[in-house]
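Peer 1: any chance you can model this:
(chains A, B, C and D)
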Protein chains: 2
Amino acid sequence: MLLKFWKNNVLQTFFQRVVLIILNIGTSVFVKGKATSFDIAYRAGVSQSTVSRALRHSPLVSEATRKKIQEIAKELNYTVDKNASSLRSQSSTTLALLLFEDPTSDDSLVNPFFLSMLGSITRECGLMGYDLLVSFQELNADWHSVFKDSNKADGLILLGYGDYLDYETKLKELVEHNTPFVRWGAATESVETTSIGCDNFHGGQMATKHLVDLGRKHFGFVGTSNESAPEFMARFNGFTQALADADIDYDPGLQADAVNTAEEGYEATKKLLSEGLPLDAIVVASDLLATGVITALKDANLRVPEDVAIVGFDDIPMARYTTPALTTCRQDTMAAGKLLVDKLIEMIKGEPVSNTFIKTSLIVRESCGR
Amino acid sequence: MLLKFWKNNVLQTFFQRVVLIILNIGTSVFVKGKATSFDIAYRAGVSQSTVSRALRHSPLVSEATRKKIQEIAKELNYTVDKNASSLRSQSSTTLALLLFEDPTSDDSLVNPFFLSMLGSITRECGLMGYDLLVSFQELNADWHSVFKDSNKADGLILLGYGDYLDYETKLKELVEHNTPFVRWGAATESVETTSIGCDNFHGGQMATKHLVDLGRKHFGFVGTSNESAPEFMARFNGFTQALADADIDYDPGLQADAVNTAEEGYEATKKLLSEGLPLDAIVVASDLLATGVITALKDANLRVPEDVAIVGFDDIPMARYTTPALTTCRQDTMAAGKLLVDKLIEMIKGEPVSNTFIKTSLIVRESCGR
DNA sequence: CCACTGTTTGAATACGTATGCATAAGTCCA
DNA sequence: TGGACTTATGCATACGTATTCAAACAGTGG
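Peer 2: Numbers count the residues shown, from 1 in each chain, chains lettered A, B, ... in the order given. A predicted model of the protein is given here:
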C-alpha cells in the first residue's frame, strides 16, 4: 500500500517533469495562447523565478536582466495572470465597493450622492494600482463574509445610509473576521470601525445659521432625526443647536422623516404643511430629498424662496439645476473618495488608521433667498 | 545528474505528501484560517474532489453526500476561493465595465446617463452570478489587452461617447484577441462588434416631429453632427429628416457642437444665439447638454418654452427637476443594462450574438411648450 | 590562495480548486 | 454466476505565479 503509493509518485512525478519541460519548450517556440512567465524566461534565457522578480521590481535582479525581461514582456504583450498571482500571494490588490440601497427606492436610481463618489474612488483605485469590484447589496444578504473569505477583495468600502440595526451586527462580524473595511458616514458607537465622513453636526448648524441670519423665523426639518440614520441625526442636532443659539423656538411638529428618495421628500413636506403651522424655512437633510421638497412646495402654491427658504445637503450635480438653484452644504466627494481608498489601503497594509473628517462648505445659490 | 534529479523528486514528493496529509489533518482539527475544501472533505469523510463537485452541483454526486457537504460548508462559513477557482477553470465569472470619459470633462462628474445604467448592470451581474469590475479609462491607455489577458475578466462592457478614431483601432485589437465585449452605442461600420443601443435616428426624428407638431418653425440643434460621436450624428440625421418631412427649412448655422458637459451645452447655445437667426426650438442631443442650454437661454432672457422650446435625449434623473422640466426622448436604461450583461455572457459562452435595439419613448414635460 | 561577503540566479514548491481518469460498488440481464 | 453497464467516489494533476532555499559567482582582505 505504502509501497504502491511511493512508486506511483516516483513515476508520475518524473513523467510530469519531462512533459512539463517539453511543453514549455514547445509553447515557447510555437507561441500559442497567452504568454506566460515561462515563455519570457525561455526567450530571455533565464528562469521563471527571475522573470517574476524582474517584473515585480525586486532588487534581487540586476538592472541588465530586468531591462531585457521587460522588453520581451512588452514585445509578447505579456500580462501577469491576476488569478495566479493573487492565489500565490494571497492578496488580490482589489477593493470591493458595496452600495447599500434602501430596497424600497426606485430600481433604476442609485443615490446620486454616492454615485458622485464613484468617480473619485475609481480613479484613486487606479492610481494606487488596485482594481475595484462594485456590488449592490441587499441589506439582508451575507455580504460580510463573501468578499474577504473568497479572496475576491482585500478590503471593503461601504457606502450607504442603511438600516443600521441589521447593519451593525454585520459590521461586528467584519471586525471579528479581521476584514479591513472603511465606511462613509458617521462613526458608530457600538462597533469600532473606521469611517470617513463630514462633520454633519457642524454642517447642519452652518446651513441653519445661514437661514437664521437671513431673517427666517419658522423652521422645519425634512429628514430622519433618529439614530436609524446617524448622519441625518447629526444634521438634525446641528439644526436644533443653531436654532437654540439664536433663541428661536422650534416646534417638533415641523420635522418629518424621509431618507432615500425625492418622493419621500415630497411626502414629508406635504405632512409638514398639513400641520398648519407657520413656516418660512426648511432645512433638508439631503439634496435629493430637497428636490422633492421644492416640488411639494410648488404644488402647494408656495414660492421658493420668497415664502419658504430651503437649504439642502451634499451638493449633488443636480443641485445647481433645480429652480431655484439649491443652496446647500457641500461635501467634498472628491476628497472623500480618495480618502476612503487611501485609508483602506493603509488598513490592508496593517497600518493604524483613524477616523477622518472632511470639510463641508456652504454653497449659496438661490433657494435660501439671497 | 538525471539520477540526482530523480532521487530528489522521489524524496521530496513523498515528503511533501506526508506533510500535506499531516497538515490537512492538523488544520481540520484545529480550524485555523479560512476553511478550504480539504477541511470540508475531512469532516465529511470524503475527498476534496467530491466537495468541489458537490458545491458546483455536479450530477456526479449523490444527493445525500451533497446535502452533508453543503451543511458542513455553511457551518464552516466556507467560500470558494475566487482566485484558485478562476485559475484552475481559466475563467473568472467577472465582467469589466470600462467607462470612457472625455478627459476634458469635470473631474468629479461622470456622465449621469451612464451612471444610471450602472445600477441595472450591477444588478444583472449579481443575478447572473458574475462579479463586476469597474474602471475609468483614459482614452490612450492600453485597456484593450489588460483585462482579458490578465484573466481579470471574461468580458468587457464599453460605455462612453469617445474619440472614436483612436477607439476603433483598439476595438480591432479586441476583436483580434478574441476578447468578448459589448458596447453601448451605435454600431460602427469598420469593426464588427456587438453593440446595444437605441434607435438614435428614430429618436431624433420623433423628438423633432413633436416640436414640429406643436407649430415650431425655426430649429436649432445642439450636439455634434459628425461621426466622431455616432450616436449624436444619428440623432442629428433624424432631426434633419423630420424637418425635411415637414418641409421646414433648416439653416446649418443653427447647429453647434457639444458632447460631454452642461458647460459645452451652454457655450454651444451662446454660439447659436450669436448667429442672430430666428429660432424658436432647439433639439438637444443629450439631457446633460440640455441643462446647459436652458441656462444659456435664461441668461439671454429668453423664456423656455414660450420663446424657445427644447427637447432633450436620455431622460436622466435630473431631467424632471429642471425648470421647465425637460421633455426628452427616453432610453430604457434598465433594459439596456440588463441586455448588455446578458449579451456579453452569451458571447462568453460562445453563443452567436447580434446587435440589438432598445426602444425609445418620448417623455413629454414642459420644455416643449405643451 | 583561502575564507568570506555580497550579489544574482535557479530549482523546487505552494497557493486552493476543478477535472480527466481509474476504481469500487451496485444493478441488470442473459 | 458473471459480464456489461451505471453510479459515486477517490487519485493525481494542472492552472501560472511568488517566494524560500540553496548555489554559483565575483570580488575582497588577510
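Peer 1: what about whichever residue of the stretch 251-370 of chain A sits closest to DNA strand D, how many residues nearby?
Peer 2: Nearest residue of the stretch 251-370 of chain A to DNA strand D (CB to the nearest atom of the strand) works out as residue A:349 at 13.3 Å. (Each C-beta comes from the backbone N, C-alpha and C, glycine too.) For residue A:349, the count of nearby residues is 11 (other CB atoms under 10 Å in any protein chain shown).
Peer 1: how much space separates it from DNA strand C?
Peer 2: 20 Å (CB to the nearest atom of the strand, to the nearest Å).
Peer 1: equivalent analysis for residue A:237, please.
Peer 2: Taking CB to the nearest atom of the strand, one finds residue A:237 at 47 Å from DNA strand C.
Peer 1: where's that residue, which helix or strand?
Peer 2: helix A:230-245 (DSSP states H and E).
Peer 1: identify the residues contacting that helix?
Peer 2: A:161, A:164, A:185-186, A:188, A:197, A:200-209, A:212, A:219, A:221, A:223-227, A:249-250, A:255, A:259, A:283, A:285-286, A:313 (CB atoms under 8 Å, 6 or more residues apart in numbering or on different chains).
Peer 1: which positions in it come out as buried?
Peer 2: By 16 or more other CB atoms under 10 Å in any protein chain shown, the buried positions in helix A:230-245 come out as A:230-236, A:238-243.
Peer 1: from the contact counts, what lies against the helix or strand following it?
Peer 2: Note on helix A:230-245: by DSSP H and E, the next helix or strand toward the C-terminus is strand A:255-256. Here strand A:255-256 touches strand A:219-222, helix A:262-274, going by 3 or more CB pairs under 8 Å, 6 or more residues apart in numbering or on different chains; DSSP states H and E.
Peer 1: okay, buried residues for the last one please.
Peer 2: By neighbour count, with 16+ other CB under 10 Å as the criterion, the buried positions of helix A:262-274 are A:262, A:263, A:264, A:265, A:266, A:267, A:268, A:269, A:270, A:271, A:272, A:273.
Peer 1: contacts only, for the third one.
Peer 2: When contacts are counted by CB under 8 Å, 6+ apart, residue A:264 is found next to A:257, A:258, A:289, A:292.
Peer 1: any chance of JSON lines for those residues, columns pLDDT and neighbour count?
Peer 2: Formatted as JSON lines, those follow (pLDDT from 0 to 100; neighbours: other CB atoms under 10 Å in any protein chain shown):
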{"residue": "A:257", "pLDDT": "94", "neighbour count": "18"}
{"residue": "A:258", "pLDDT": "92", "neighbour count": "27"}
{"residue": "A:289", "pLDDT": "92", "neighbour count": "29"}
{"residue": "A:292", "pLDDT": "91", "neighbour count": "23"}
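Peer 1: which of the helices and strands packed on strand A:255-256 has the lowest mean pLDDT?
Peer 2: Among these, helix A:262-274 carries the lowest mean pLDDT, at a mean of 93.
Peer 1: hey, which helix or strand in chain A has the poorest pLDDT?
Peer 2: Of all helical and strand segments in chain A, the minimum by mean pLDDT, DSSP states H and E falls on helix A:2-29, at a mean of 38.
Peer 1: related to what we said a few turns ago, can you tell me which of the buried residues of helix A:262-274 is nearest residue A:174?
Peer 2: Nearest to residue A:174, judged by CB to CB, of the buried residues of helix A:262-274 is residue A:264 at 28.8 Å.
Peer 1: distance of the closest one relative to residue A:271?
Peer 2: The gap separating residue A:264 from residue A:271 is 11 Å, by CB to CB, to the nearest Å.
Peer 1: check residue A:180 too.
Peer 2: In terms of CB to CB, residue A:180 sits 42 Å off from residue A:271.
Peer 1: so which residues of the stretch 51-200 of chain A form strands?
Peer 2: A:94-100, A:131-137, A:155-159, A:181-184, A:194-198 (DSSP state E, counting those that start in this stretch).
Peer 1: which parts of the stretch 251-370 of chain A sit against chain B?
Peer 2: Applying CB under 8 Å from any CB of the partner chain, one finds that the stretch 251-370 of chain A approaches chain B through A:262, A:291, A:294, A:295, A:317, A:318, A:321, A:322, A:323, A:333, A:334.
Peer 1: okay, and residue A:209 sits in which element?
Peer 2: helix A:200-213.
Peer 1: show residues contacting that helix.
Peer 2: Contact with helix A:200-213 is made by A:186, A:219, A:231-232, A:234-239, A:241-243, A:245-246, A:248, A:281, A:283, A:309, A:311, A:313, A:327-329, A:331, A:360, A:362, A:364, A:368, as judged by CB under 8 Å, 6+ apart.
Peer 1: how does it look with 6 Å?
Peer 2: A:231, A:234-235, A:237-239, A:241-242, A:246, A:281, A:283, A:309, A:311, A:329, A:360, A:362 (CB atoms under 6 Å, 6 or more residues apart in numbering or on different chains).
Peer 1: tilt between that helix and helix A:230-245?
Peer 2: Relative orientation of helix A:200-213 versus helix A:230-245 (axes from the mean of the first three to the mean of the last three CA atoms, to 10 degrees): 40 degrees.
Peer 1: what mean pLDDT does helix A:200-213 get?
Peer 2: 95.
Peer 1: buried ones in it, by neighbour count?
Peer 2: In helix A:200-213, counting by 16+ other CB under 10 Å, buried: A:200-212.
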